[in-house]
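Novice: make a model of this:
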Amino acid sequence: MIAEKVLSTAVKGLGAWDKGLNLDEILDDLSAGKEKEYRSKVSSILFTYFRNRAYVDYVIDSLAARKVESLVRRIISIALVQVFYQDGVAKQVAVDVAVDYAQKMRNKSTGGFVNAVLRNALRGTFNEKMKDAPEYVKYNVPSLLLDRWNRSFSVEKKLNIINVIKKQATFTFRALKTIDSSILDECKCKKIDNLSWGGEFSFFKTDRPDLILKSDLLGTGMIYIQDPATAMTPCLFEYKKAKKILDICAAPGGKTLMLSELYPEAGIVAMDRSTYRLERVKENVKRTEKNNIITIAADALKPPFEKHSFDVVFADMPCSNTGVIRRRPDAIWRFSQKSLNKILTLQMGILESASTLVKPGGLLIYSTCSIEKEENRKQIDRFLLQNKNFEFIKERLILPSEENDGAYGAVIKRLKV
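Specialist: Got it, this is the predicted structure:
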């Protein structure tokens, strides 16, 4: 029965997430496995779940008269997503399938418990309690992050971020070459204008990604699928005399391609510690025919280059991903002070390593897809306090919007001896 296979696969996906895999990894594994035919449906369920996790958890806790075992909680969670947010399966069918699956995985008593919770949810038994639900539940944002955003942003900016991250990200791409307008029309594409921080790069959006993927635009190197926010940091600086540029955390290569186009006369090294992810860079370089890029697998904490080897070092940091929640809605549910501290330590380590490779007078470019102050300007200030041979040049923060993800970039310069 397809409905049960979709449910069970989604439940397994949540189990894998609880063990440490992220949503992208779960879906990649699903694509390569025997259940790949259910990927689209399962993807929709899991993305919807993480966008509404606080609410789903609150409903379960409001209706369950006892502590809910992890597996049972996953079953109820997936069923609630289908009941509240999707219309692919009739609500009654979703409940019946979940009850049967719970009984099969555990016992008749468990099936009865799942049945009681889901039928009470259908009747809206919890609605009265929702009036007193905490703010983070109503906004579907982890309480820790909401507290941080209350302190960091105005009410207007906070609400805009929250409203944006609830929605599925628009399918966007960058045109690498001039595309005939008739092709763009056929694929229902519209140019994204008013990107004041995006330089001369041309981005488009469409509600019909299937038409793009069926065309030969991607395969022939005419486009690169990426969000407009990725252009901000590469366009934040200008160093036309640069001869050697290092992209120290390059995969999957979107920003590397931009650097290649902005500095066609420079030799660009795309480095990443993951040989698997570096293959994607190589594929993108080959497909787009960029002949000024070479790739190397190496750890950003231990780069295999002599000091002062590059005019520009571009460091696109690992981060909390709070600027790209539309695309990675599960990321915010990993966020904690402990995980943030770990990220900050890693970022500073990479920043210190990258800085040794910058020539006197050269630039160190710092980039994240986070909107958290600790990962952005505060991190730069910490570095500068400890490295008096660098000076701050400029920075920019863009927040998530209907047209783009959030991102931060900073430019610092090594002083000449």
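Novice: from K166, how far out is K131?
Specialist: Per C-beta to C-beta, to the nearest Å, K131 is found 20 Å from K166. Just so you know, the C-beta spots here come from the backbone N, C-alpha and C atoms, and that holds for glycine as well.
Novice: the two: who's more crowded?
Specialist: Neighbours per residue, other C-beta atoms under 10 Å: of K131 and K166, the larger number sits with K166, 15 against 7.
Novice: isn't the more buried one right up against V141?
Specialist: No - with contact defined as C-beta atoms under 8 Å, K166 does not count as touching V141 (9.4 Å).
Novice: ends of stretch 286-306, how far apart?
Specialist: Start and end residues of stretch 286-306 are separated by 28 Å (C-alpha to C-alpha, to the nearest Å).
Novice: do a quick rundown of the strands in the stretch 201-350 of the chain.
Specialist: Using DSSP state E, counting those that start in this stretch, the strands found in the stretch 201-350 of the chain span residues 202-206, 223-224, 244-247, 267-272, 293-297, 310-316.
Novice: export those strands to TSV and tack on mean neighbour count, distance to G33 and mean pLDDT?
Specialist: Putting the strands of the stretch 201-350 of the chain into TSV (neighbours: other C-beta atoms under 10 Å; distance: least, C-beta to C-beta, whole Å; pLDDT from 0 to 100) gives the following:
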stretch	mean neighbour count	distance to G33	mean pLDDT
strand 202-206	20	29	97
strand 223-224	22	28	96
strand 244-247	25	33	98
strand 267-272	24	26	98
strand 293-297	17	27	97
strand 310-316	25	30	98
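Novice: in TSV, list the ones you listed along with distance to D28.
Specialist: Shown next, in TSV, are those (distance: least, C-beta to C-beta, whole Å):
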stretch	distance to D28
strand 202-206	24
strand 223-224	20
strand 244-247	23
strand 267-272	17
strand 293-297	20
strand 310-316	21
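Novice: so the protein: which segments form each domain?
Specialist: Domain assignment of the chain by automatic domain parsing yields the ranges 2-134, 171-175+180-224, 228-414.
Novice: mind checking which of these is nearest K157?
Specialist: domain 228-414 (6.4 Å; C-beta to C-beta).
Novice: for that closest one, how far is the first residue from the last?
Specialist: Terminal residues of domain 228-414 are spaced 29 Å apart (C-alpha to C-alpha).
Novice: 14 is where my numbering starts, stick with that
Specialist: Shifting the count to begin at 14 puts that one at domain 241-427.
Novice: roughly how far does C202 sit from P342?
Specialist: In terms of C-beta to C-beta, C202 sits 25 Å off from P342.
Novice: which pLDDT value belongs to G336?
Specialist: At G336, the model reports a pLDDT of 97.
Novice: next, it: phi, psi?
Specialist: Per-residue torsions, G336: phi -90, psi -10 (degrees, to the nearest 10).
Novice: distance check, it against N389.
Specialist: 10 Å.
Novice: now do V81
Specialist: V81 is 38 Å from N389, by C-beta to C-beta.
Novice: the more surrounded of the two?
Specialist: N389 (25 against 20).
Novice: ok, that one touching A423?
Specialist: Yes - with contact defined as C-beta under 8 Å, N389 reaches A423; the gap is 7.3 Å.
Novice: tell me the residues that contact both of those two, please.
Specialist: Residues touching both N389 and A423 (C-beta atoms under 8 Å, 6 or more residues apart in numbering): E408.
Novice: okay, helices next: where are they in the stretch 264-413 of the chain?
Specialist: Using DSSP state H, counting those that start in this stretch, the helices of the stretch 264-413 of the chain run over 267-275, 288-301, 350-368, 390-399.
Novice: can you give me the angle the shortest one makes with helix 288-301?
Specialist: Helix 267-275 runs at 40 degrees relative to helix 288-301, counting by axes from the mean of the first three to the mean of the last three C-alpha atoms, to 10 degrees.
Novice: with adjacent residues omitted, what lies nearest to A107?
Specialist: Q95 (4.0 Å; C-beta to C-beta, 6 or more residues apart in numbering).
Novice: against which helices or strands is the host helix or strand of that neighbour packed?
Specialist: Taking DSSP states H and E as the criterion, Q95 maps to helix 83-98. Here helix 83-98 touches helix 15-31, helix 52-64, helix 66-76, helix 104-118, helix 121-136, going by 3 or more C-beta pairs under 8 Å, 6 or more residues apart in numbering; DSSP states H and E.
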